[in-house]
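In: Okay, structure incoming, though there's no sequence with it:
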Ligand SMILES: Cc1cc2nc3c(=O)[nH]c(=O)nc-3n(C[C@H](O)[C@H](O)[C@H](O)COP(=O)(O)OP(=O)(O)OC[C@H]3O[C@@H](n4cnc5c(N)ncnc54)[C@H](O)[C@@H]3O)c2cc1C
């Protein structure tokens, strides 16, 4: 019998299992799929590194700083800012606080008005100066309402905010909690964004490599849980003093019932293409709020992290957040959009793969309560991004919180 069975080997489950192991507990980690990482996995396809969905690592996340060895990950960084597609072409918006030399060009770029750029700088200061806790305690509303209250023009929201945060929050309608929006904006402003040499999945692999005293079982889907035991799909029953459900939110609801309501799902798709040459020079995020989609943002990912593509080829990924991710024929539509957007003939864009992820993130509409309950009583616990914020930070932090609660419960009870 283990002390603790952790169900789910995503970022939350990996952190939770690690902290329990470090506390000297006997831990079994059960993962339904054939590998660890959950939503944070990468594959090698024909010499390319393809992440399962387009993701980025924000170095300012406290959990990233505390737990990851970024040097070992070989992180390559994006140039801060974005290249925005408008009716008049593509225009570069730099972060004026980090690249003062570009401030004038950014101010005058025909993306919204100069007043929008000043509001942007003011909003960044507004979310960066107070503590993270203070930001999370502000009255909540939707991201769209927050941007309206800050005075941004509709054009700037359409061209800049929507494609940027649709990519990060998988939320083309900007309906996600403003608390979460503000925290992410704070993280973008305070740190770098980057990609590991071996793909985003290397982040999870680094955590997994530390589970040296944990019994990890892959292809082990759990069918039911109850206080003191879990039953695998094959019928095997495992007893444990504590059970942690570290699955994605909808699966946690199926296993735990009404004590963990289904948090809803934001879908997303990523279309990957290879091409012979890179159409743009700067390793920056590309935003398209102009064309009507279906992709809202894209990046020539091999310009950011050259290890993602074999020598002589470039790798381009475009993200389709929201319900359109579930449409059929997406790769062809996106290929045509990218061709017009980047001036590359469609036959030079070779489709590599389309990832459709039905549960990209939980809904997290306002009011968002972070630090949701993780101790359900009777030795049952829950963790995952649906308990905190839908991010690597939120998933890891919830894993840490849950491990702490389990340790307290088992020590108190023994
Ligand atoms: C395309 C995309 C882009 C994203 N972009 C970013 C980004 O740029 N930055 C950022 O910080 N965050 C981003 N996120 C969010 C981030 O990836 C997630 O919030 C985080 O990875 C969630 O981790 P988790 O451990 O809570 O859940 P998951 O990663 O979903 O892990 C749950 C695990 O439980 C397993 N499981 C489910 N049911 C069972 C069962 N019955 N038995 C056993 N195992 C089971 C699953 O197989 C899975 O491995 C993105 C997400 C997606 C999909």
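Out: In hand now; what should we look at? Treat the numbers as computed from the prediction; the structure is a model and nothing was measured. Numbering: from 1, shown residues only.

In: In the stretch 151-300 of the chain, where is pLDDT below threshold?
Out: The model of the stretch 151-300 of the chain has pLDDT under 70 over residues 280-281.

In: What residues does it have near the ligand?
Out: 221-222, 246-248, 251, 268 (CB under 6 Å from any ligand atom). In short, each C-beta sits where N, CA and C put it, glycine included.

In: Make JSON lines out of the residues you listed and add distance to residue 174 and secondary structure.
Out: As requested, these are exported to JSON lines (distance: CB to CB, whole Å; DSSP: H, G, I helix; E, B strand; the rest coil):
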{"residue": "221", "distance to residue 174": "35", "secondary structure": "coil"}
{"residue": "222", "distance to residue 174": "36", "secondary structure": "strand"}
{"residue": "246", "distance to residue 174": "29", "secondary structure": "coil"}
{"residue": "247", "distance to residue 174": "28", "secondary structure": "coil"}
{"residue": "248", "distance to residue 174": "23", "secondary structure": "coil"}
{"residue": "251", "distance to residue 174": "27", "secondary structure": "helix"}
{"residue": "268", "distance to residue 174": "15", "secondary structure": "strand"}
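
In: Next, give me the two most distant ones among these.
Out: 222 and 268 (25.6 Å; CB to CB).

In: So if I had to pick from these two, which one is more boxed in?
Out: Neighbour totals were compared for residue 222 and residue 268, and residue 268 leads with 27 against 22 (other CB atoms under 10 Å).

In: contacting residues around the closest residue to the more buried one other than its chain neighbours?
Out: Nearest non-adjacent residue to residue 268, counting by CB to CB, 6 or more residues apart in numbering: residue 360, 3.8 Å away. Contacts for residue 360 were tallied using CB atoms under 8 Å, 6 or more residues apart in numbering; they are 39, 53, 170, 265-268, 321, 325.

In: for those, which one is nearest residue 310?
Out: Nearest to residue 310 out of those is residue 53 (CB to CB; 21.5 Å).

In: ok, which stretches of the stretch 1-150 of the chain are strands?
Out: 2-7, 27-30, 42-45, 48-51, 57-58, 76-77, 82-86, 89-93 (DSSP state E, counting those that start in this stretch).

In: got the ones you listed as JSON lines, with mean pLDDT, distance to residue 330 and mean neighbour count columns?
Out: Converted to JSON lines, the strands of the stretch 1-150 of the chain look like this (pLDDT from 0 to 100; distance: least, CB to CB, whole Å; neighbours: other CB atoms under 10 Å):
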{"stretch": "strand 2-7", "mean pLDDT": "97", "distance to residue 330": "32", "mean neighbour count": "26"}
{"stretch": "strand 27-30", "mean pLDDT": "98", "distance to residue 330": "33", "mean neighbour count": "25"}
{"stretch": "strand 42-45", "mean pLDDT": "97", "distance to residue 330": "18", "mean neighbour count": "15"}
{"stretch": "strand 48-51", "mean pLDDT": "98", "distance to residue 330": "16", "mean neighbour count": "24"}
{"stretch": "strand 57-58", "mean pLDDT": "97", "distance to residue 330": "25", "mean neighbour count": "20"}
{"stretch": "strand 76-77", "mean pLDDT": "96", "distance to residue 330": "28", "mean neighbour count": "18"}
{"stretch": "strand 82-86", "mean pLDDT": "92", "distance to residue 330": "19", "mean neighbour count": "23"}
{"stretch": "strand 89-93", "mean pLDDT": "90", "distance to residue 330": "23", "mean neighbour count": "17"}
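
In: and this structure, what are its domains?
Out: What automatic domain parsing lists as the domains of the chain is 2-40+201-263+365-413, 43-199+265-361.

In: Give me the distance between the longest one and the centre of its chain.
Out: Think domain 43-199+265-361. Relative to its parent chain, domain 43-199+265-361 has a centroid offset of 11 Å by CA atoms, centre = their mean, to the nearest Å.

In: any idea how far residue 412 is from the ligand?
Out: According to CB to the nearest ligand atom, to the nearest Å, residue 412 and the ligand sit 26 Å apart.

In: Understood, closing this out.
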